[in-house]
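**Q** heads up, no residue letters with this:
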């Protein structure tokens, strides 16, 4: 299915729940963001005018040569019998250049294929914009998750601070530990504040994608720690033909062939045909005038143009082969990143984080009774917090790879970070 058709289908399916005037506290979904971009992105709106201009260029190239009205005056303002206007001869003529070799038809065919290239470029631009929208949506979803982790860090640090203060009050912990935990508490508060800055900036960066300055929403609805099932590489390899770059290669080859046919029409000379009426002023006689002109040597001069066009047409299959191989290699690498991110995610989720949580609980109990030091307790806490951030990073990498895969196979980004 053509990328435009897939995107338009998504728009139709998602058009019902879209509401630009939704309350700011209503979470924004990725599907809603995609539709907003398709409807209001300034670049896509500007592309509509490019399309209109391409249509007019097709009309221009299909036009035949215009008629020319000419007036020619001879034998006046001279000397002797040609003095004054006595010998004046005036010719009124109508003529045009008659193009041979179906030149208007060939020019129109070239313009139509050039419009096709523009359409493929616009499809690629649309997919790039939707992929960028998904990236910014993902960045905002990650910032929201990081804020939750910052709150968890603040809570864990507060628990440790309470334990240290309790031991400090009964004289079982030095003042240095008390001050150290106050520092850690301040750092945790700063980390939470930093996530607020990221959220404010992320909301505005996302809104820019649909041409808005004020976001109009507070949060995005995304289950970033939920990973969709990875598609099979073989199925992705088949759908890569939907990439606008692949479709563009076929159109580019046809355009090269059309340009070759156009250059070959140079071998057939055009005819300059004119007919008119001539009036002799001295005798007041009128006569008809007919002229036909044809350039010589057109076939010889056209050879260089044809050879150039043949060379350009011959290179297209090689460029297409190279482009397809490059896209397939990129797809393979992205699929490997997708699988690797899944492995990292499951390792942290199923093994590392549960073990780190158990270790922290043991260290917290041990520190309360003096079995462990604050340094060991802090290290256990940092291990758990770092593991949670690594889990988020693995999930983020999985969604990011899926976004790039969707863009590569010519699909709108409706997977990955959507709930």
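**A** Looks like it came in fine. Just so you know, these numbers come straight off a predicted model, no measurement behind them.
**Q** Point out where this structure drops to low pLDDT.
**A** Scanning the chain with the threshold set as pLDDT under 70 gives 1-25, 81-82, 412-419.
**Q** where do the helices sit along it?
**A** 3-14, 30-40, 42-61, 103-169, 175-208, 233-239, 244-264, 298-347, 353-368, 374-408 (DSSP state H).
**Q** Near the closest residue to residue 240 other than its chain neighbours, how many other residues are there?
**A** Nearest residue to residue 240 in three dimensions, chain neighbours excluded: residue 409, at 5.3 Å (C-beta to C-beta, 6 or more residues apart in numbering). All C-beta atoms are positioned from the backbone trio N, CA, C, and that covers glycine. Look at residue 409: counted by other C-beta atoms under 10 Å, it has 24 neighbours.
**Q** Give me the phi and psi for residue 409.
**A** phi -90, psi 10 (degrees, to the nearest 10).
**Q** Then residue 284?
**A** The phi/psi pair for residue 284 (degrees, to the nearest 10) is phi 60, psi 30.
**Q** Check the spacing between the residue nearest the centre of the chain and residue 404 real quick.
**A** The residue lying closest to the centre of the chain (C-alpha atoms, centre = their mean) is residue 128, at 1.8 Å. Plainly put, residue 128 is 11 Å away from residue 404 if you go by C-beta to C-beta, to the nearest Å.
**Q** And residue 115, by the same measure?
**A** Residue 115 is 29 Å from residue 404, by C-beta to C-beta.
**Q** Between the two, tell me which one has more neighbours.
**A** Remark: of residue 115 and residue 404, residue 404 carries more neighbours, 20 against 17, as counted by other C-beta under 10 Å.
**Q** Enumerate every residue touching that one.
**A** 131, 334 (C-beta atoms under 8 Å, 6 or more residues apart in numbering).
**Q** I'd like to know which of the helices of the chain is closest to residue 277.
**A** helix 103-169 (29.4 Å; C-beta to C-beta).
**Q** angle of the closest one against helix 42-61?
**A** 170 degrees (axes from the mean of the first three to the mean of the last three C-alpha atoms, to 10 degrees).
**Q** Which other helices and strands does helix 103-169 contact?
**A** helix 3-14, helix 30-40, helix 42-61, helix 175-208, helix 244-264, helix 353-368, helix 374-408 (3 or more C-beta pairs under 8 Å, 6 or more residues apart in numbering; DSSP states H and E).
**Q** Now tabulate those helices in JSON lines and tack on distance to residue 103.
**A** Formatted as JSON lines, the helices and strands packed on helix 103-169 follow (distance: least, C-beta to C-beta, whole Å):
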{"stretch": "helix 3-14", "distance to residue 103": "32"}
{"stretch": "helix 30-40", "distance to residue 103": "40"}
{"stretch": "helix 42-61", "distance to residue 103": "10"}
{"stretch": "helix 175-208", "distance to residue 103": "47"}
{"stretch": "helix 244-264", "distance to residue 103": "7"}
{"stretch": "helix 353-368", "distance to residue 103": "72"}
{"stretch": "helix 374-408", "distance to residue 103": "40"}
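**Q** which one of the ones you listed lies closest to residue 311?
**A** Taking C-beta to C-beta, helix 244-264 is the member of these nearest to residue 311, at 9.7 Å.
**Q** Who are the packing partners of the closest one?
**A** helix 103-169, helix 298-347.
**Q** Can you report how many residues lie near the closest residue to residue 175 other than its chain neighbours?
**A** If the residues on either side of it in the chain are set aside, residue 175 comes closest to residue 168, at 6.9 Å by C-beta to C-beta, 6+ apart. Residue 168 sits with 18 neighbouring residues when counted by other C-beta under 10 Å.
**Q** cool, and residue 83?
**A** Applying other C-beta under 10 Å, we find 12 residues neighbouring residue 83.
**Q** mind listing what it touches?
**A** residue 77.
**Q** Please report how far the residue nearest to residue 240 lies from residue 334.
**A** Distance of residue 409 to residue 334, given as C-beta to C-beta: 10 Å.
**Q** Likewise for residue 235?
**A** For residue 235 relative to residue 334 (C-beta to C-beta), the value is 14 Å.
**Q** When these two are compared, which one has more neighbours?
**A** residue 334 (21 against 9).
**Q** pretty sure the more buried one is touching residue 401, no?
**A** Yes: here residue 334 reaches residue 401: they are 5.2 Å apart, a contact under C-beta atoms under 8 Å.
**Q** What's opposite the nearest residue to residue 69 once chain neighbours are set aside in the beta bridge?
**A** Among residues not flanking residue 69 along the chain, residue 94 sits closest, at 5.7 Å (C-beta to C-beta, 6+ apart). In this entry, residue 94 is beta-bridged to residue 69, residue 275, by DSSP bridges.
**Q** wait, what's in contact with residue 94?
**A** By C-beta under 8 Å, 6+ apart, the contact list for residue 94 reads 67, 68, 69, 70, 274, 275, 276.
**Q** Can you tell me how far the residue lying farthest from the centre of the chain is from residue 87?
**A** Computed with C-alpha atoms, centre = their mean, the maximum C-alpha offset from the centroid of the chain is found at residue 80, amounting to 76.8 Å. As judged by C-beta to C-beta, residue 80 and residue 87 stand 9 Å apart.
**Q** before we move on, what about residue 391?
**A** Distance from residue 391 to residue 87, by C-beta to C-beta: 102 Å.
**Q** So between these two, which is more surrounded?
**A** Set residue 391 next to residue 87 and count neighbours by other C-beta under 10 Å: residue 391 wins out with 21 against 18.
**Q** surely that one meets residue 348?
**A** Yes: here residue 391 reaches residue 348: they are 4.2 Å apart, a contact under C-beta under 8 Å.
**Q** ok, back up a step: just tell me which of the helices and strands packed on helix 244-264 ends up closest to residue 53.
**A** Nearest of those (C-beta to C-beta): helix 103-169, 9.0 Å.
**Q** So what angle separates the directions of that closest one and helix 353-368?
**A** Angle, helix 103-169 to helix 353-368, by the same axes, to 10 degrees: 20 degrees.
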